[in-house]
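In: Please find the sequence and the predicted model below.
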Amino acid sequence: MTFRPALKFAIGALALTTACTAPAAPEAKSAPPVAADPAAGQRFVEQCKGKESFDDPAPPVRIFANVWYVGTCEVTVLLLTSPKGHVLVDAATETAAPQIVANIRSAGFDPKDVRWIVSSHEHFDHVGGLALLKRATGAKVVARAEAAASLRSGKVSPADPQFQEIHGFSPVKPDKVMNAGKILRAGPLRLTMIATPGHTEGSTSWSWTSCEGADCRKFTYLDSISALPLGTYRFADHPDRVAMFRETFDMIDKMDCGIVLTPHPSVSAMGQRMSGTEPLMEAEDCRVIVKSARARLDTALLP
């Protein structure tokens, strides 16, 4: 992909597993999958050109099969649909939450059919809208155990490298707390939780399989793995956090990620891929992101 030389990591850059409801899915085809709605993807690119706010509105886009983009120009929110209810992945900011609801409707779905909301990491640009979206949809909120306390309090962990300068968010009580490796069953959907700590202690990625007819594809929603210190925080003073990052890097390097989506769409060139100017996946996408993240951490460790 052409995004490789220009990988960017914004303040909250951020993965989910759903299974096809059809009988045993065939192995993914070798040909790169194509965007489901390149015209909508092109509208996304045009509407979001030059936009930098976390709250700038974006149109909904069907990415592939039951996977929809319903977020803003700079913050990803995904809708995974099924005949027995949907799952929302991430919640963007509190300001953007009404737009997320509107995008779900524009995509042709009832927000009240969202059964669960899962999230990536506990920063305001990804979980700020959780409380409002929970009320608007009636959905239940899922959290990894390491993120639950922060969600309940609405406060950033004091150990967070961004703690000194990033603000909190409206608190929300998780309805279900899970450990990494567990699967959330939501009707026919199967969501597997993956721990990818470093950016925050509770950073969570998700991976899933979605099918377009007989064409079944694995997806990974890869949470942010960027080392981004704010204020006076120095990674050299926190070897435990550095080790946390390096363990996450090593794990992701070994993963079969399939189609990679990220909490900030620019990190994985989602606009280009949704518009069809880039393939939805290339085999080394996860390792390309890890390579850039390793370099960023090494730079942050310099005196």
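Out: Good, I have the coordinates. Numbers count the residues shown, from 1 in each chain.
In: all helices of the stretch 151-300 of the chain, in order?
Out: Listed in chain order, the helices of the stretch 151-300 of the chain (DSSP state H, counting those that start in this stretch) span residues 239-253, 270-274, 285-300.
In: how distant is the shortest one from the center of its chain?
Out: Relative to the chain's own centre, helix 270-274 is displaced by 15 Å; criterion: C-alpha atoms, centre = their mean, to the nearest Å.
In: Which neighbouring elements make contact with the helix or strand of the chain with the lowest mean pLDDT?
Out: Least confident element among the helices and strands of the chain, by mean pLDDT, DSSP states H and E: strand 183-186 (a mean of 94). Taking 3 or more C-beta pairs under 8 Å, 6 or more residues apart in numbering; DSSP states H and E as contact, the helices and strands that strand 183-186 lies on are strand 114-118, strand 189-195. Yep, even glycine has a C-beta here, placed from its N, CA and C like the rest.
In: and the shortest one, which strands flank it?
Out: Applying DSSP bridges, strand 114-118 is found paired with strand 86-89 (parallel), strand 140-144 (parallel).
In: what do you get for the last one?
Out: The sheet places strand 189-195 alongside strand 183-186 (antiparallel), strand 204-212 (antiparallel), with pairing taken from DSSP bridges.
In: That one versus helix 239-253: what angle between them?
Out: Computed by axes from the mean of the first three to the mean of the last three C-alpha atoms, to 10 degrees, the angle separating strand 189-195 from helix 239-253 equals 140 degrees.
In: Can you list the neighbours in contact with strand 189-195?
Out: Under the contact criterion C-beta atoms under 8 Å, 6 or more residues apart in numbering, strand 189-195 has outside partners 15-19, 80, 82, 87, 116, 118, 142, 144, 146, 178-185, 203-208, 220, 248.
In: residues near P111, how many?
Out: Residues within reach of P111, counting by other C-beta atoms under 10 Å, total 20.
In: wouldn't it be in contact with A136 here?
Out: Yes - using C-beta atoms under 8 Å, P111 is in contact with A136, at 5.9 Å.
In: what do the two both touch?
Out: Joint contacts of P111 and A136 (C-beta under 8 Å, 6+ apart) are V101.
In: Which residues does V260 form beta bridges with?
Out: T220.
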